[in-house]
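>>> make a model of this:
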Amino acid sequence: MSLILETHQLSVGYRVSNDGPIPVLEHLDLALQPGEFACLLGPNGAGKSTLLRTLSRTQPSLGGAVVLDGAALETYSARELAQRLSVVLTEAITPGLLTVAELVALGRHPHTDWSGRLSDADHAIVAWALDVTGSTALAGRQVTALSDGERQRVMIARALAQQPRLMLLDEPTAFLDVQRRVEITGLLRRLARETGLAVLLSTHDLELALRTADTVWLVTDDRKLRAGAPEDLALAGAFDTVFRSPEVRFDPELGAFRLRSTGGPCAYVHGQGLIALWATRALERAGCSLTARPEQAEIVVTARVGASPTWALQRDGRTDTFDTLRALAQAVSG
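Have a look, this model is predicted:
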């Protein structure tokens, strides 16, 4: 399978006349295949946006090469590049009085002649882009009247109308609620699968990225980037290294962040299913450290399934039963 995007020893950063080049990321050898959904992860200020600007040719590289569809990125004219690559940003646009359909139709202009007139085929592609993003019902509305989630779907529809080979997205879900973030991420993954489009999404939502991405590009603290399946990077301890914090740690067993103990008792949770899982979360929030060995525990919580769930807390030879996790956490932390 031919690659859509390749980089060879790419260095990205800034050129400052007095101080010379300031590299942000160096020696990057990366690749994206058709139909691949990749997530770009890393701390704030690590260079994610700088990398995306370099890949989209809005910022020159400091060295190395970017190859798009088998040709060097710099060899494309602006029109040719827009036929192969589309970009969706975080920032809100100012579309004036455009309707949704008119904004999405702008994505067809790299494919039109000098007159800019859309053919029947162009209109069909616009209708398809609206349909696959769930935006058809919005077509006649003013863009300024849309919610943040609706607007991002429309921007993705405009990018799809370009019929690109590669779509780059710089934190397009940053200001959306949890449900809309999940919807947009799921939409991008599905589009990559169904259309053969390669998608690179920059995001801070680590847990969602681990569940949806085929590949993760993880920016490290040594001006490099590790690329691989999310499961491989998790097993190698990469996420805990990059996102290490005094307050939280990455748990490779859960594929999620967990609060670090703040001096509370060592706890063991006995039971299965959601009531045991959420009891673990409540105990962590209460400052407990968790153990998988009951003989090491200072307290033992048993999750019981009945007409309604209850949690029995054993501590200092005494057993108390609680019917809410709030009450359990308060008893442990108090």
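>>> average pLDDT for the lengthiest helix in the chain, rounded please.
Assignment by DSSP state H gives helix 178-195 as the longest helix of the chain. Across helix 178-195, pLDDT averages out at 91.
>>> can I get it in CSV, CA atoms only?
Taking Å, rounded to 0.1, in the frame of the first residue of the first chain, the C-alpha atoms of helix 178-195 are listed here in CSV:
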residue,chain,number,x,y,z
VAL,A,178,-17.5,15.4,26.2
GLN,A,179,-20.4,14.1,24.1
ARG,A,180,-19.5,16.3,21.1
ARG,A,181,-15.8,15.4,21.4
VAL,A,182,-16.6,11.7,21.3
GLU,A,183,-19.0,12.3,18.3
ILE,A,184,-16.4,14.3,16.3
THR,A,185,-13.6,11.8,17.0
GLY,A,186,-15.8,8.9,16.1
LEU,A,187,-16.8,10.6,12.9
LEU,A,188,-13.2,11.2,11.9
ARG,A,189,-12.3,7.6,12.5
ARG,A,190,-15.3,6.4,10.5
LEU,A,191,-14.5,8.7,7.6
ALA,A,192,-10.9,7.5,7.4
ARG,A,193,-12.2,3.9,7.3
GLU,A,194,-14.9,4.5,4.7
THR,A,195,-13.1,6.9,2.3
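>>> buried residues in it, which are they?
Buried residues in helix 178-195, counting neighbours by 16 or more other C-beta atoms under 10 Å, are found at Arg180, Arg181, Val182, Glu183, Ile184, Thr185, Leu187, Leu188, Arg189, Leu191, Ala192, Thr195. No exception for glycine: its C-beta is placed from N, CA and C like everyone else's.
>>> and the last one, what is it in contact with?
In this case it means Thr195. Gly35, Leu160 (C-beta atoms under 8 Å, 6 or more residues apart in numbering).
>>> ok, the second one next?
The contact partners of Arg181, taken as C-beta under 8 Å, 6+ apart, are Thr173, Asp205, Leu208.
>>> swap in the third one?
Under the criterion of C-beta under 8 Å, 6+ apart, the contact list for Val182 reads Leu208.
>>> what does the first one give?
Contacts for Arg180 (C-beta under 8 Å, 6+ apart) come out as Asp148, Gly149, Gln152, Thr173.
>>> and the spatially closest residue to Gly134 that is not a sequence neighbour, how far is that from Ala139?
Of all residues not flanking Gly134 in the chain, Arg153 sits nearest, at 6.3 Å (C-beta to C-beta, 6 or more residues apart in numbering). Arg153 sits 12 Å away from Ala139, going by C-beta to C-beta, to the nearest Å.
>>> how far does stretch 55-73 sit from the chain's center?
23 Å (C-alpha atoms, centre = their mean, to the nearest Å).
>>> contacts for that stretch?
2-13, 15, 21, 23, 27-28, 50, 53-54, 74, 76, 81, 84-85, 87, 165-166, 168, 200.
>>> in it, which residues are buried?
In stretch 55-73, counting by 16+ other C-beta under 10 Å, buried: Leu55, Ser56, Arg57, Gln59, Ser61, Leu62, Gly64, Val66, Val67, Leu68, Asp69, Leu73.
>>> identify the farthest-apart pair in the residues you listed.
Of all pairs drawn from those, the greatest distance, 23.0 Å, lies between Leu62 and Asp69 (C-beta to C-beta).
>>> contacting residues around the nearest residue to Ser245 once chain neighbours are set aside?
Computed as C-beta to C-beta, 6+ apart, the closest residue to Ser245 that is not its neighbour in sequence is Arg260, at 8.0 Å. Residues in contact with Arg260 (C-beta under 8 Å, 6+ apart) are Ser245, Pro246, Glu247, Val248, Arg249.
>>> now the nearest residue to the third one once chain neighbours are set aside: how far from Ile4?
Put plainly, it is Glu247. Spatial nearest neighbour of Glu247, excluding adjacent residues (C-beta to C-beta, 6+ apart): Arg260 at 6.1 Å. For Arg260, the distance to Ile4 equals 41 Å [C-beta to C-beta].
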